[in-house]
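>>> here are the coordinates; sequence isn't available:
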């Protein structure tokens, strides 16, 4: 018995060939099978000349997601085949693998094949599977010499800024050379500036339809006409200004005596027309519509009644308006020609700039490789690429365009020693709005005549579903002809059905493949009414089905197994977000959760972004009652009115809440905005509150998404206020633009778990769903000449019309409907078991007659029109056992009652406490907070730690215009440190002598944080900090007198099992800062062991009179004026914060450095001590300084303790 071998086995693997694969016929399966054969070198005369490796087989598709899917599918295919070939007793159910096993029947052959397949599977990370842009980019870089490209090119994803600059260059180079009269004419045409010009010519960018080096003749002719026309216009204006009072009197008389034609001069519109006359007389600029109004008052254009003919006015300006209107007709702006030239010039300019700056955009990748292949060195480049990739498989080829086709034609066409295999389906060419061109596909089909192959068996859908689709398209093709409206270039060919093992049951009854809901209204329904009715109808049916699933009557039967229908088995296909919102709202009203899988909105445009602004304002300024109350009242926190009112009545609770927000500010400054917001959300039980709402998961996802984006932005911003301004600006710009400008800001999918899927038809391509609903399938968007540009093809060439007429509108709408037919095919073939469509007599806009035939479903079922006897009668020939036509069901308010979860939640898993690593890098802050910080500490956090501690609020406000009034906290403290660090890096003396650049930099730092009001305070403060005499053990020193110093000295030295408690005891015994009693309380260090490295940064190490000192800046706020910074107060702060541990460790680090670097070093002679400068107390009684020099015995004892003697 001869068994027919499948196409993937018999397909010739050389030459140029085209495979047409209808929906669901196993396109990806076939592509993977061809790949497998190429790896094996299978096929004899039908095979390639030699086996190939993954890096030699080029696979091109059109999205990143598709490349990853293909890579994994091919990897799995190779691995499965390797496993089967490795087993000598294996049998394959897969017909492709079965055929291969038959062809390689010897054990030695199979062993060799298994090894090769396994190696290829493991090599798939290096496989040449790319998007078209990725392929072109790689070729330009890898073959830079042959392609004339640079080795390093930076990708510029957004060309808008470059185009804007190019438009301004065009304005300066071209438009500014026009006479004033032409400039005025452009102003009247709404083209009066570079941005307006760019907006008008944007649809033409990339088409390169004009020679940018010379103005079109029509534009040059127009320029010569603008001067005389402006003179005529000015004369008419002046004459009208002189005659206007008399003319208005005549108009009143004409109106009262009915001399004016009532249709042309309606009572309601006449005042506006006269106002236009007044504006013209005043010299105001008018647009084209205003001039159309003026024409009605010209001598030739005035429409009078029979009675009015005897009273035709003889005003001179009416005669002059005739000349103006005639001049406008003869000197009309050749708008299309000018904008086409501007677009070509801008394209050329952007390309020049990009080549000069070593950048390129996505389209440049294609055009540059295309141009290189067509250039003088093109054949050499093509041969190099062919040697690299002897075989190319192009997936989704129906989505190609002329440039892409030109690239692969130059590489592989008429090359018998290579293979170029295109796989696609012209019936699914639906991406014209992205530049895809089905006409290019048809050109490729014609070029491969005689080498066409077809996949003709559907493996996706049930037999009934396949039969239904076959029936509808065959009925339309046989009844009305040319079903896809491409002059029969895309015929419909029925496919076979492989069938499915599971069966859909609704109310325990098998279903037809396609169900048509027919609403036989006498009068057509408007778009809005149709959308609302169909949304309610569809939601009601879905609710009924889901409740039926709960009751065990609706689901899928597979043998003896029944699986109830789940919400995520259902997909509703829509055209846009308006339709998506309508159906999701209707589902929500019935307690059915859904998810919109095509949402491209920005998270910054959602209500949660506005609520988050209120929350951030409150956290940044908790002392503002208004800010805190606004945050508490926002929808995200969802506090009940009773809770809010209780805060108004209970002062203690209010103070606790304010203190809570103070804590959020501290956490924000300490840890960042993301941890702070997560704490706030948990404190206010926001996840639990939102989970009670149907759309709560969406809101929570938005909040967490926004928090992550803010955390990322915070790395580039300084301070809370700058982050708030960033959010405010982004929200405002996003709302104005309508959507986000970056992929990162596009709404994230909250969850598709057990939810009805709502997705656009375009995005559903390539996917499959058990049940599909097309409730709004009658809607359409006709081409409209009043909404240019319109795109259409003529002689296989794409044209873009900015000034379309009725003829062009007809051509464009024909192509629109043809693509809608392909879109309908895609939509119908997504369903595995059942597809339901909602039909009704339909009107668009102000029409009164049924326009259903202008929709794809109307064209499919009714041809060019619907008879007067209604939809049901017209559909009678369509019905059969696979297509069920029923009266549209009524909507209802039934609510979905999902089955209660019987299984209780398990006890939560609580992770064991993380143990500190036996070897770790620690810092001073880790010594203070061992129990709180399990991870190794960052020494740069030491200075932040001191700035985060809350200070008690002062009863007296700090004196304005002093450093005491400067904000407190992490960010202000960091700024003070940064200012002095910058002064040190620029040399203190030099900065003081020439402060202009330095102070400019400081001012910018303040402005970036919103503290520009403190510019004078900081200017005075830093000079004081640099010149203040700081007391030492003997004498004083000021920073500006230092000559030898190192700012921000980093140290790192070993710590060998140092017992922290022993170290603490040692320091307490030896360190007693001046004026403080030995028994002054100081917190104990937590017991721990340091084993690893000790790391830190010392603000300043300096040498003075032969001794070396460590200096640390402290921004602690001790009080409202200088008197708070006594030596006792500052020393007490040192001990309370255990800064003496810090400076002892700093001195130990300095001791080790000097011991290794300084000849004849001795700590008593060379180690000067520690200087701690309280930056806000420089004018205090102790000059803001605490000095201490621990004895050398302590330093040397610590040196031994840390293992220094080893």
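In hand now; what should we look at? Keep in mind it's a predicted model, so treat the numbers as computed, not measured.

>>> C-alpha only now, for contacts and for neighbours.
Will do.

>>> Report the residue ranges of every domain in the protein.
7-128+389-455, 155-216+335-356, 221-330, 467-561+574-585+758-780+787-887, 605-742, 920-949+1029-1201 (automatic domain parsing).

>>> now those as a markdown table including mean neighbour count and distance to residue 973?
Shown next, in a markdown table, are the domains of the chain (neighbours: other C-alpha atoms under 10 Å; distance: least, C-alpha to C-alpha, whole Å):
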| stretch | mean neighbour count | distance to residue 973 |
| --- | --- | --- |
| domain 7-128+389-455 | 19 | 46 |
| domain 155-216+335-356 | 18 | 38 |
| domain 221-330 | 16 | 58 |
| domain 467-561+574-585+758-780+787-887 | 19 | 48 |
| domain 605-742 | 17 | 11 |
| domain 920-949+1029-1201 | 18 | 5 |
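
>>> and those as CSV, adding distance to residue 895?
Converted to CSV, the domains of the chain look like this (distance: least, C-alpha to C-alpha, whole Å):
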stretch, distance to residue 895
domain 7-128+389-455, 35
domain 155-216+335-356, 47
domain 221-330, 51
domain 467-561+574-585+758-780+787-887, 7
domain 605-742, 13
domain 920-949+1029-1201, 50
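
>>> any idea which of those scores lowest on pLDDT?
Among those, domain 920-949+1029-1201 has the lowest mean pLDDT, at a mean of 83.

>>> ok, which stretches of the stretch 351-500 of the chain are helices?
Using DSSP state H, counting those that start in this stretch, the helices of the stretch 351-500 of the chain run over residues 362-374, 378-388, 402-412, 438-447, 463-479.

>>> one step back: closest one to residue 1023 among the domains of the chain?
domain 920-949+1029-1201 (9.4 Å; C-alpha to C-alpha).

>>> where along the stretch 1-150 of the chain do the strands fall?
For the stretch 1-150 of the chain, strands defined by DSSP state E, counting those that start in this stretch occupy the ranges 15-21, 57-61, 129-131.

>>> got CSV for those strands, with distance to residue 269 too?
Compiled in CSV, the strands of the stretch 1-150 of the chain are given as follows (distance: least, C-alpha to C-alpha, whole Å):
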stretch, distance to residue 269
strand 15-21, 59
strand 57-61, 57
strand 129-131, 57
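
>>> Among the domains of the chain, which comes closest to residue 990?
domain 920-949+1029-1201 (8.6 Å).

>>> Nearest to residue 823 among the strands of the stretch 1-150 of the chain would be which one?
Closest among the strands of the stretch 1-150 of the chain, using C-alpha to C-alpha: strand 15-21, at 15.9 Å.

>>> Just the terminal-to-terminal distance for stretch 406-419.
16 Å (C-alpha to C-alpha, to the nearest Å).

>>> how much distance is there from it to the middle of the chain?
Taking the mean of its C-alpha atoms, stretch 406-419 sits 37 Å from the chain's own mean (C-alpha atoms, centre = their mean, to the nearest Å).

>>> next one: stretch 215-231
With C-alpha atoms, centre = their mean, you get 45 Å for stretch 215-231.

>>> same question, stretch 649-659
Worked out by C-alpha atoms, centre = their mean, stretch 649-659 lies 41 Å from the chain centre.

>>> Show me what that stretch is in contact with.
622, 623, 625, 628, 647, 648 (C-alpha atoms under 8 Å, 6 or more residues apart in numbering).

>>> Just the residues you listed: which are in helices?
Per DSSP state H, helices hold the following members of the contacts of stretch 649-659: 625, 628, 647, 648.

>>> Tell me the one among the residues you listed nearest to residue 288.
Here the nearest of these to residue 288, counting by C-alpha to C-alpha, is residue 628; it sits at 53.5 Å.

>>> if I pick the nearest residue to residue 111 once chain neighbours are set aside, what's in contact with it?
Leaving aside its chain neighbours, residue 111 sits nearest to residue 86 (5.8 Å; criterion: C-alpha to C-alpha, 6 or more residues apart in numbering). Residue 86 makes contact with 110, 111, 114 under the criterion C-alpha under 8 Å, 6+ apart.

>>> Distance-wise, check residue 507 relative to residue 102.
47 Å.

>>> what's downstream of the helix or strand harbouring residue 505, the next helix or strand?
Counting by DSSP states H and E, the element that carries residue 505 is strand 503-506. For strand 503-506, the following helix or strand on the C-terminal side (DSSP H and E) is strand 509-510.

>>> So what are the sheet partners of that following strand and their directions?
strand 503-506 (antiparallel) (DSSP bridges).

>>> what residues are up against the closest residue to residue 1025 other than its chain neighbours?
Distance criterion C-alpha to C-alpha, 6+ apart; nearest residue to residue 1025, sequence neighbours excluded, is residue 1178 at 6.8 Å. Neighbouring residues of residue 1178 by C-alpha under 8 Å, 6+ apart: 1024, 1025, 1028, 1122, 1184, 1185.

>>> Let me know which of the helices of the stretch 351-500 of the chain is the nearest to residue 38.
That would be helix 378-388 among the helices of the stretch 351-500 of the chain, by C-alpha to C-alpha, at 14.9 Å.

>>> So which bits of that closest one are buried?
Residues of helix 378-388 classed as buried: 378, 379, 381, 382, 384, 385, 386 (neighbour count, 16 or more other C-alpha atoms under 10 Å).

>>> Residues touching that helix, excluding its own?
By C-alpha under 8 Å, 6+ apart, helix 378-388 touches 56, 139, 143, 146, 147, 372, 373, 410, 411, 412, 418.

>>> Also stretch 406-422?
Residues contacting stretch 406-422 (C-alpha under 8 Å, 6+ apart): 13-19, 48-49, 369-370, 373-374, 382-383, 385-386, 390-397.

>>> So in the chain, which helix runs the longest?
The chain, longest helix under DSSP H: helix 217-256.

>>> Report back the residue of the chain that's furthest from centre.
Within the chain, the residue lying farthest from the chain centre (C-alpha atoms, centre = their mean) is residue 310, at 67.8 Å.

>>> Show the residue spans covered by the strands in the stretch 651-800 of the chain.
756-760, 769-774, 790-794, 797-801.

>>> can I get the ones you listed in a markdown table with distance to residue 1161?
Formatted as a markdown table, the strands of the stretch 651-800 of the chain follow (distance: least, C-alpha to C-alpha, whole Å):
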| stretch | distance to residue 1161 |
| --- | --- |
| strand 756-760 | 77 |
| strand 769-774 | 81 |
| strand 790-794 | 85 |
| strand 797-801 | 84 |
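
>>> Quick one, which of those strands gets closest to residue 350.
strand 797-801 (21.0 Å).

>>> From the contact counts, what lies against that closest one?
strand 790-794 (3 or more C-alpha pairs under 8 Å, 6 or more residues apart in numbering; DSSP states H and E).

>>> Where does residue 1022 fall, secondary structure wise?
helix 1015-1027.

>>> Just checking: what are the partner strands of the next helix or strand after that helix?
Sequence order places strand 1030-1031 as the next helix or strand after helix 1015-1027, per DSSP H and E. Counting by DSSP bridges, the strands paired with strand 1030-1031 are strand 1036-1037 (antiparallel).

>>> which outside residues touch the strand it pairs with?
Against strand 1036-1037 from outside (C-alpha under 8 Å, 6+ apart): 1029, 1030, 1031, 1104.

>>> dump the residue contacts of the nearest residue to residue 201 once chain neighbours are set aside.
Using C-alpha to C-alpha, 6+ apart and skipping the chain neighbours, the partner closest in space to residue 201 is residue 339 (5.2 Å). Residues counted as contacts of residue 339 (C-alpha under 8 Å, 6+ apart) are 197, 200, 201, 204.
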